[in-house]
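Engineer: 3D, please:
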Amino acid sequence: MKNKKGHDIDHRVFLKSGEIRYATEPCVTEYNEKGEADGGAEGADQGAGGAVMNTAMKMNSEAETFLFQGKRLLAAICGIMLLFLALAASSAEATDETKLLFLGNKNIAPVVYLDNGIPAGVVVDIVRALAPHLPKPVEIKAMDWQEAQALVARGDADAVIQINATEERKKIYDFSDTLLESQFSIFTSTGRVGISGMSSLRGLRVGVEAGGLPRQLLEKEPLIQLHIIPNFLEGFKLLNNGTVDAVVVDYRVGAYIIAENGLRNIKVTGMPITSSFSAIAVKKGNTTLLNAINSALRIIKDDGAYDTVLKKWKPKEVVFQTREQIRQRRDFVIIVVLLALFLIAAAWTLTLRRELVRRRAAEKRLGENEARFRALFEDSPISLWEEDFSRVKQQIDALKTSGISDFRAYFTEHPEEVVRCAHATKIVAVNRATLKLFKGDSQEQLLEGLDTVFSEESFDIFREELITLASGGTQFESEAIQKNMAGEKFDTIVRLSLAPGYERSWEKVFVSVSDITERKQAEEALHVKAAELEEEVTERQMAQENLQEKALLLEEEIEKRQKAQDELEQLNDELEQRVIQRTAELEARNADLQKMNKVFVGRELRMVELKGRIKELEGRHDGLLMEPPAS
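Structural biologist: Have a look, this model is predicted:
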């Protein structure tokens, strides 16, 4: 912008501090070299207005300075607040990072489940009791079971709770000490029969949870058709509508779900397919956390916190109903019982009539069954006895009351008690095969008592029967020597069986006797033959040993003779050497002798000559002596 003289109009204000501020109104004042306002004629005319403008500009400048400082202060406050929020967030994140994350299966109420989105259950409470004894705070989450296991395996979570150890899982996790016992049972519809144990599930559709222990166990059986269920409530619904034939789940979990959801027509069948002790699992190698968990478990078990949690959840243990439900229905049941008593009294007469009809029918069937049994009993080719041990039971009970517990030692020390028990045994009936085997004329002979057929050896077997029955056994079998009515002994196998339903009274005991005399004789013949063969083998072994000894002696003699021959040959060699050496010596000496002989012969000849010469000289001398001297 320009003024009337063409000068630029600038909104900037230069302060003595060197700062630049912008005025809200245009400034047309010009300054001369002395710093005074110079507007020419217009400046003179506008002198008063310039002074006012200067004052306004100054005020505007101060306002802008205050506003600028306020903005700076506000920016500083905002920065401090942002920094505080960042620190708080960082602190929160750091706090989250220092927590231990424990994960559980949300579908196994009352062990672990979600109650309005919050983890609950007996194991959740056990982990909460552990938390104060662990090095860091614990956060518990209940979620999908497979996802929970995968998170811990990857190290994205610290531990998984309520998990059963298997060989496959031990490769991935380390397991704590025992947490709870789990009994994995078979749940099926009430109308289905024939299911008892894992093998009975072959060919059936069985509902199991995706990441659970039952799946790992059952998938080893190729004939079992596994059906993965999203949760156990849905699994039981599938069982009711026939989609699956059975559901395998921890008994505590299955019974609770059935009771809480009012499910019907479902039962537990057979024994559990497996029992296992659950634990807390950590990623393989995380021994620090595992040791801390085990230490915390020992602490809460010692100080009673563990038992307190179990007692708290005791009302949730159910037999298809929780104890809380039982208490809630108790009053209702009392009212129903009172009404039922009235109806029962009204219907009692009708019931008696029907019961009488049923009893008569049952008696008829019982008579038919008894006749059938008697026919089988009488016509059996095996000797059968029906005996009454009730008085024996009374004597055994009396001994137990007196403090006797080791019946083997007692009966060994008191054989008369065995005889007394034999006399107390009542023989109720025997069949025709028994009469034939024991050569009896009538049943009355054998019904008199066991003494008629017992030999001395029989009491030892009877003692073993008593020990078996006194120890709670119902079956016994042994070989025995018995005698017939003619007093002849024979070998038998005795089998005793306590009839079902008579375990308390021993009133009905069945005994079968089989003659094994021929078999024993054959065995004895085999034993004799074996003994003869063994004796012959022994003799042959002894003969062989004698031959071996003679062979050894002969071998020693041969060695000695060989050694003597070697020595003789050595002596011959030495003798030959000596003969050769001696011959050489003799030849040398002979040569010397020949030389000496030559010398001696020459000397002798010389001596002879000398002797002849001497004699000749002596003769001449003597002749000279004999001649007269010359005159």
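Engineer: how about the strands in the stretch 251-400 of the chain?
Structural biologist: 266-283, 383-388 (DSSP state E, counting those that start in this stretch).
Engineer: Serialize those to a markdown table and add fields for mean pLDDT.
Structural biologist: Listed next are these as a markdown table, based on pLDDT from 0 to 100:
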| stretch | mean pLDDT |
| --- | --- |
| strand 266-283 | 92 |
| strand 383-388 | 92 |
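Engineer: so which of those comes closest to residue 525?
Structural biologist: For those, the distance to residue 525 is smallest for strand 383-388, at 24.7 Å, taking C-beta to C-beta. Backbone N, C-alpha and C define where each C-beta goes, glycine included.
Engineer: and the closest one, what other elements does it pack with?
Structural biologist: strand 426-430, helix 432-437, strand 509-515 (3 or more C-beta pairs under 8 Å, 6 or more residues apart in numbering; DSSP states H and E).
Engineer: Next, the buried residues of that strand.
Structural biologist: 383, 384, 385, 386, 387, 388 (16 or more other C-beta atoms under 10 Å).
Engineer: which of these lies closest to residue 467?
Structural biologist: residue 387 (17.0 Å).
Engineer: which stretch in the helices and strands packed on strand 383-388 has the least confidence?
Structural biologist: Of all the helices and strands packed on strand 383-388, mean pLDDT reaches its minimum on helix 432-437 (a mean of 87).
Engineer: Would you mark the buried spots in the helix or strand following that one?
Structural biologist: Moving toward the C-terminus from helix 432-437, the next helix or strand (DSSP states H and E) is helix 443-447. Buried residues in helix 443-447, defined by neighbour count with 16+ other C-beta under 10 Å: residue 446.
Engineer: which parts of the next helix or strand after helix 443-447 are buried?
Structural biologist: For helix 443-447, the following helix or strand on the C-terminal side (DSSP H and E) is helix 458-470. By 16+ other C-beta under 10 Å, the buried positions in helix 458-470 come out as 458, 459, 461, 462, 463, 464, 465, 466, 467, 468, 469, 470.
Engineer: can you check stretch 550-568 too?
Structural biologist: Under 16+ other C-beta under 10 Å, stretch 550-568 has no buried positions.
Engineer: Are there helices or strands packed against the helix or strand harbouring residue 544, and which ones?
Structural biologist: Assigned by DSSP H and E, residue 544 belongs to helix 517-626. Under the contact definition 3+ C-beta pairs under 8 Å, 6+ apart, helix 517-626 sits against strand 489-498.
Engineer: Could you spell out the sheet neighbours of the strand it packs on, each with its direction?
Structural biologist: strand 475-483 (antiparallel), strand 509-515 (antiparallel) (DSSP bridges).
Engineer: Can you give me the buried ones in the first one?
Structural biologist: By neighbour count on 16+ other C-beta under 10 Å, the buried set for strand 475-483 is 476, 480, 481, 482, 483.
Engineer: Likewise for the shortest one?
Structural biologist: For strand 509-515, burial by neighbour count (16+ other C-beta under 10 Å) applies to 509, 511, 512, 513, 514, 515.
Engineer: So which residues make contact with stretch 446-463?
Structural biologist: 411-412, 415, 418-419, 421-423, 425, 427-430, 434-435, 438, 440, 445, 478-485, 489, 494 (C-beta atoms under 8 Å, 6 or more residues apart in numbering).
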